[in-house]
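1. give me a model of this one.
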Amino acid sequence: MSGPVRDGALLSLSNVYKTFPVRTSFFSSEQARVHAVDGVSLELPPGRTLGLVGESGCGKTTLARVAIRLIDPDAGTIRFEGKDITRMAGEALRTTRRQMQIVFQDPYSSLNPRMKVRDIVGEGWLVHGLARGQELRDRAGRLLQRVGLPAEAGEKYPHEFSGGQRQRIGIARAIALSPRLVVADEPVSALDVSVQAQILNLLRDIQEEYGMAYLFVSHDLRVIRHMSDAVAVMYLGKVMESGPAEELFHGPLHPYTRSLLSAVPMLGDAPRERIVLSGEIPSPVSPPPGCRFHTRCFMAQKMCAEVSPLLREVSPGRFAACHFV
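-> Next up is the predicted model:
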């Protein structure tokens, strides 16, 4: 699901870049650029889940938001259902966005505190002229019941709910228009551990019922393994490795993936030797030359600092960006 883009993908990104300007100092007007997404290509088939995983600041959330045009890319091509949406605007983009929705990380700040829950859930129907009045209230009540809340919850405000209940409201809002793609941006990281499994199981049940695809963002490898059909591992804006989830977890190819997996015990897996990375993550303002990971890599050699490795297909469906895989 990463690497060269093939026909039949619901979502495909080809050589996508995104940078953000930052001041070099408080008193300076000179601007540098944060390299958030740097030449990423990936694809997501209909009805499947692609997990994006990596350390904080690796660019996975930016990539997910670029994929559904919440953020415009600097370069590259984004296709949805075969249509190029990279520069799409106006009514065409508005219509396409009905098919692309997002569940945000923070269930507190992502819901308008001045709107009743029924209006939050039904806003998409109202915007697209699909329901209003009593019909909107009835549909919102049924949808709230589908995500595990009583229909009467629609008459309340977000502050009257717990974090897990708020995330259920966010999920209801995201699926209200029956989209083909949902971006789940760290949807359980702000929740208690006891609630996380409930929300993850709800997302899986909804996917099976509606047949939608997920682009699932998380730093938690156990969550990614539970939810994903395929995984893309990111580091400093680039994809280091990708492939089918179980193959990647059982036999990681890239040294960065190996180090991540060694830090997280997995039920049913043989214990792995702990790989402790040295040094700090380089700044995305000035990423290192050659392989982005070479400053911390236990396999690094001279050429790693000089030549950037291509993300290449090492075996069927398995891609890795390393000279020595």
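2. low pLDDT regions in the stretch 151-300 of the chain?
-> 266-270 (pLDDT under 70).
3. which parts of it are helices?
-> Shown for the stretch 151-300 of the chain, the helices assigned by DSSP state H, counting those that start in this stretch span residues 163-175, 193-210, 221-227, 245-250, 255-262.
4. tell me which of those helices lies nearest to Lys60.
-> helix 221-227 (10.5 Å; CB to CB). Placement of C-beta: from N, CA and C, glycine included.
5. now that closest one: buried residues?
-> Across helix 221-227, burial judged by 16 or more other CB atoms under 10 Å covers 221, 223-227.
6. pick the most buried one from the helices of the stretch 151-300 of the chain.
-> Among those, the stretch with the highest mean neighbour count (mean count of other CB atoms under 10 Å) is helix 163-175, at a mean of 23.
7. that one packs against which elements?
-> Where contact means 3 or more CB pairs under 8 Å, 6 or more residues apart in numbering; DSSP states H and E, helix 163-175 is packed against strand 100-103, helix 117-127, helix 133-146, helix 193-210.
8. which stretch among the ones you listed comes nearest Pro287?
-> strand 100-103 (27.2 Å).
9. any idea how far Leu191 is from the closest residue in space to Arg204 that isn't next to it in sequence?
-> Excluding its sequence neighbours, the residue lying closest to Arg204 (CB to CB, 6 or more residues apart in numbering) is Met227, at 7.0 Å. Using CB to CB, to the nearest Å, we find Met227 at a distance of 15 Å from Leu191.
10. tell me the contacts of the most centrally placed residue in the chain?
-> For the chain, the residue sitting closest to the mean C-alpha position, by CA atoms, centre = their mean, is Val217 at 3.1 Å. Residues near Val217 by CB atoms under 8 Å, 6 or more residues apart in numbering: 51-52, 60-61, 64, 183-186.
11. those in strands, which ones?
-> Members of these lying in strands (criterion: DSSP state E): 51-52, 183-185.
12. now the contacts of Val217 as JSON lines including neighbour count and distance to Leu200?
-> Output for the contacts of Val217, formatted as JSON lines (neighbours: other CB atoms under 10 Å; distance: CB to CB, whole Å):
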{"residue": "Gly51", "neighbour count": "28", "distance to Leu200": "12"}
{"residue": "Leu52", "neighbour count": "30", "distance to Leu200": "16"}
{"residue": "Lys60", "neighbour count": "30", "distance to Leu200": "18"}
{"residue": "Thr61", "neighbour count": "19", "distance to Leu200": "18"}
{"residue": "Ala64", "neighbour count": "22", "distance to Leu200": "17"}
{"residue": "Val183", "neighbour count": "26", "distance to Leu200": "15"}
{"residue": "Ala184", "neighbour count": "29", "distance to Leu200": "9"}
{"residue": "Asp185", "neighbour count": "22", "distance to Leu200": "14"}
{"residue": "Glu186", "neighbour count": "20", "distance to Leu200": "12"}
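13. what's the distance between the residue nearest to the centre of the chain and Leu144?
-> From Val217 to Leu144 the distance is 25 Å (CB to CB).
14. ok, Ala153 next?
-> 5 Å.
15. quick one: Arg274 and Leu261 touch, right?
-> No: counting by CB atoms under 8 Å, Arg274 sits too far from Leu261 to count as a contact (10.4 Å).
16. sorry, back to before: could the contacts of Val217 go into a markdown table alongside distance to Arg79?
-> What follows is these, written out as a markdown table (distance: CB to CB, whole Å):
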| residue | distance to Arg79 |
| --- | --- |
| Gly51 | 20 |
| Leu52 | 18 |
| Lys60 | 20 |
| Thr61 | 21 |
| Ala64 | 16 |
| Val183 | 16 |
| Ala184 | 21 |
| Asp185 | 21 |
| Glu186 | 25 |
